[in-house]
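> Quick check, what structure comes out for this input:
(chains A and B)
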Amino acid sequence: MNENGEMNSMNNETHPQTPSYPSVACYGLMKQYPGTPALTGIDLELPRGQIIGLLGPNGSGKTTLVKILAGLLRPSAGTVLIDGLEPGADTKSFVSYLPERTYFNPAMRVSECVKMFEDFYEDFDVQRAFGMLAALGVPYKAKMKTLSKGAREKVQLVLVMARRAKLYLLDEPIGGVDPASREYILNTIIANRDPASTILLSTHLISDVEDILDGFVFLGNGQVIAAGDAYEARARHGKSLDELFREVFRCY
Amino acid sequence: MLLKLFKYDFKASARFGVPILIAIAAAGLLGAVNTGVTVGNVGKESTFEAVTNAPFGEMLIFFGMGGLLLVSLVLGIAAAVMAVMLLVQYYRSTVSDEAYLTFTLPVTPAQILCAKLANTLVWSLFTGIALTAAGTAILGTGVVTAGIGEDFVNTFAELFAFLNSMAGQSGLTVVLLCILGAASMVSSYLMLFMAITFGSVIVRKHKALASVAMIFVIHFVMSGITAVMQVILLGDFTIKSLMYDGLIAVNMFLISCTILYAALAVVYFLVTKYMMERKLNLD
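Residues are numbered from 1 along each chain as shown, chains lettered A, B, ... in the order given. Below is the predicted model of the structure:
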């Protein structure tokens, strides 16, 4: 809920053919780790077709929320719906998730990773993937273990973004990379975004992503502190999201 | 999807499985050559000793038996390494960073578990076949070199003839023994999978250590429980053996043990599936 007691939802200019329910909906969502509350009651609706920044300081619950949406964690209480469905094998077929970790077997070749995505995901665009890999100069036959950490992360990002998914969950995609790579990653996200798909981008590096965000969710101590339209927030407060973030999380 | 999961598990296992199978084949070949040379030189002591003045008999025993022991050791280690590597692969793909990929594929935990079990069984079967082939090569070379091939074949023929004469009773027993062996193997691997998964969900750090510890703890506990149940079944078998003739009591005992292992396998599977669905604890 926002300050006015309304659901944290953002404007959605709904296409006549798009379903009426939100891309992501969380109601009373809670996650409790042993001895540690990670999410303490999230009420949130994310519209379709937007790039939304999930912004918060370290330990605010961003990764936990993203993992729940990706179907890797079960909430302790509350409801989560992705495209009207509870996270599971069905939603995984249209949710494209980029975790913080590099997850491919180091012995696999890049071409094998591409083939694996092609085999498992019906929405995977192999031509798009090879195009992006070629632009990156990544040799297809190279084994993952021979690539640098940055190159492995880029391969993973390419495969995730080469899917025609309904929802992209990108957890700290620019967290551990150099500024030049950050630019490449953000350009990749923008260039490959499908107007109908939603991108939830989790990060604490707001200044780097601010320009590409349509919406934002400020998460602190497992709660939604604020959420809304990025352009509207900037216009109303006369501040950038980065400045607003620093103001909101000063005491965190 | 199950077949696709199996395909990628199989390919991942092939990276270590093929070299291990090659090592088993090489050890079998070396063992066969060693046996051939050793057996082929039995009785040539006088010629050799006359030329070299070396204690041929002792050398033959030392190199022949020592070589055979070494080959047996290599074969045993290869089989153990295969089993350990299959479990390591399970750990890597369901607990470590690779689990992020495994559990975001559009498949259910039950499918993941089935694919991993099938892969483990297939590679165990390959290992069994390779070990049998290596053993047969070593034994066969010794038999042929010693010139007792005909006697050997005759002995086996007599054995099979004896089994055939009992086919009415023993045929079913052999089949039941095979089914029991398969149920026991499936149950064992599922117990190991459950132990690894359980170890990874109860701690936040040192998951590998916790998984290994759980393998020992759960194996110890389940061995005790299984032993008690088998003693009960054995008591039942003793009573039935007094009631029925022939192999009927044996067959009933084998069926009871198979049901026990099958029931345990189902429990292990469901517990592991539950943990994968609800208690996943990725870093």
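
> B:Gly235: what secondary structure?
With DSSP: H, G, I helix; E, B strand; the rest coil as the basis, the three-state label of B:Gly235 is helix.

> just A:Ile199 next, same as before
Applying three-state DSSP: A:Ile199 is strand.

> For chain A, which helix or strand comes out least confident on mean pLDDT?
Sorted by mean pLDDT, DSSP states H and E, the helices and strands of chain A end with strand A:8-9, the least confident at a mean of 58.

> For A:Leu72, list the residues it contacts.
The neighbourhood of A:Leu72, defined by Cβ atoms under 8 Å, 6 or more residues apart in numbering or on different chains, consists of B:Tyr100, B:Phe103, B:Thr104, B:Leu280, B:Leu282. (Glycine included, C-beta is placed from N, CA and C.)

> Which helix or which strand is home to the nearest residue to the fourth one once chain neighbours are set aside?
Okay, so that is B:Leu280. The spatial neighbour of B:Leu280 that comes closest, neighbours along the chain excluded (Cβ to Cβ, 6 or more residues apart in numbering or on different chains), is A:Leu72 at 5.8 Å. With secondary structure defined by DSSP states H and E, A:Leu72 is part of neither a helix nor a strand.

> Surely B:Leu177 and B:Phe253 touch.
No. With the criterion set as Cβ atoms under 8 Å, B:Leu177 and B:Phe253 do not qualify as a contacting pair; they are 10.8 Å apart.

> okay, the two: which has more neighbours?
For B:Leu177 versus B:Phe253, neighbours defined as other Cβ atoms under 10 Å in any protein chain shown are more numerous around B:Phe253 (21 against 16).

> residues contacting the residue lying closest to the more buried one once chain neighbours are set aside?
Distances taken as Cβ to Cβ, 6+ apart put B:Phe237 closest to B:Phe253, at 4.0 Å, once the chain neighbours are dropped. Contacts for B:Phe237 (Cβ under 8 Å, 6+ apart) come out as B:Ala249, B:Val250, B:Met252, B:Phe253, B:Ser256.

> ok so, going back, what is the nearest of the contacts of A:Leu72 to B:Gln111?
Relative to B:Gln111, the closest of the contacts of A:Leu72 is B:Phe103; by Cβ to Cβ it sits at 11.4 Å.

> so what's that closest one up against?
Here B:Phe103 is in contact with A:Gly71, A:Leu72, B:Thr94, B:Pro109, B:Ile112, B:Met276, B:Leu280, B:Leu282 (Cβ under 8 Å, 6+ apart).

> And B:Ala23, how close does it get to B:Leu29?
Applying Cβ to Cβ, to the nearest Å, the value for B:Ala23 to B:Leu29 is 11 Å.

> swap in B:Cys114?
B:Cys114 is 36 Å from B:Leu29, where distance means Cβ to Cβ.

> Is the helix or strand containing B:Thr197 in proximity to chain A?
B:Thr197 belongs to helix B:167-202 when elements are defined using DSSP H and E. No. Against chain A, helix B:167-202 shows no contacts by Cβ under 8 Å from any Cβ of the partner chain, the least distance being 9.7 Å.

> That helix packs against which elements?
Secondary structure elements in contact with helix B:167-202, counted by 3 or more Cβ pairs under 8 Å, 6 or more residues apart in numbering or on different chains; DSSP states H and E, are helix B:56-94, helix B:109-145, helix B:207-243, helix B:248-278.

> Can you lay out those helices as a markdown table showing mean pLDDT and distance to B:Leu192?
Rendered in a markdown table, the data for the helices and strands packed on helix B:167-202 read as follows (pLDDT from 0 to 100; distance: least, Cβ to Cβ, whole Å):
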| stretch | mean pLDDT | distance to B:Leu192 |
| --- | --- | --- |
| helix B:56-94 | 84 | 6 |
| helix B:109-145 | 91 | 9 |
| helix B:207-243 | 86 | 6 |
| helix B:248-278 | 90 | 9 |
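
> Would you list the buried entries among the contacts of B:Phe237?
Buried residues within the contacts of B:Phe237, counting neighbours by 16 or more other Cβ atoms under 10 Å in any protein chain shown: B:Ala249, B:Val250, B:Met252, B:Phe253, B:Ser256.

> which residues touch A:Tyr168?
By Cβ under 8 Å, 6+ apart, the contact set of A:Tyr168 is A:Val95, A:Ser96, A:Tyr97, A:Leu98, A:Val160, A:Met161, A:Ile189, A:Ser197, A:Thr198, A:Ile199, A:Leu200.

> how about the residues of the stretch 51-200 of chain B that lie near chain A?
Near chain A, the residues belonging to the stretch 51-200 of chain B are B:92-93, B:97-101, B:103-108 when assessed by Cβ under 8 Å from any Cβ.

> returning to what we had before: would you mind giving the contacts of A:Leu72 as CSV with pLDDT added?
Output for these, formatted as CSV (pLDDT from 0 to 100):
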residue, pLDDT
B:Tyr100, 93
B:Phe103, 93
B:Thr104, 92
B:Leu280, 79
B:Leu282, 80
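
> Take those and keep only those in helices.
Taking DSSP state H as the definition of helices, the contacts of A:Leu72 contribute B:Tyr100.

> May I see the buried residues of stretch B:79-87?
By neighbour count, with 16+ other Cβ under 10 Å as the criterion, the buried positions of stretch B:79-87 are B:Ala79, B:Val81, B:Met82, B:Ala83, B:Met85, B:Leu86, B:Leu87.

> And those, which is closest to chain A?
Proximity of the buried residues of stretch B:79-87 to chain A, judged by Cβ to the nearest Cβ, is greatest for B:Met85, which lies at 12.5 Å.

> And for the closest one, nearest residue in space, chain neighbours not counted?
The spatially closest residue to B:Met85, leaving aside those adjacent along the chain, is B:Phe16, at 4.7 Å (Cβ to Cβ, 6+ apart).

> How far off centre is the strand or helix carrying that neighbour?
With elements taken from DSSP H and E, the one containing B:Phe16 is helix B:2-40. How far helix B:2-40 lies from its chain's middle: 14 Å, per Cα atoms, centre = their mean, to the nearest Å.

> so what secondary structure elements neighbour it?
In this structure, helix B:2-40 packs against helix A:110-120, helix B:56-94, helix B:109-145, with contacts taken as 3+ Cβ pairs under 8 Å, 6+ apart.

> Quick one: the ones you listed as TSV, columns for distance to B:Thr197 too.
Formatted as TSV, the entries for those read as follows, by distance: least, Cβ to Cβ, whole Å:
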stretch	distance to B:Thr197
helix A:110-120	22
helix B:56-94	7
helix B:109-145	9
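
> Of all those helices, which one comes closest to A:Lys239?
helix A:110-120 (40.3 Å).

> Now do the residue in the stretch 151-283 of chain B that chain A sits nearest to: how many residues are near it, please.
Each residue of the stretch 151-283 of chain B has a distance to chain A, by Cβ to the nearest Cβ, and the smallest belongs to B:Arg278, at 5.0 Å. By other Cβ under 10 Å, the residues close to B:Arg278 number 11.

> give me every residue that touches it.
By Cβ under 8 Å, 6+ apart, the contact set of B:Arg278 is A:Arg74.

> Ok, A:Leu46 next?
Applying Cβ under 8 Å, 6+ apart, the residues contacting A:Leu46 are A:Ser9, A:Met10, A:Pro22, A:Ser23, A:Val24, A:Ala25, A:Ile52, A:Thr198, A:Leu200, A:Gly215, A:Val217.
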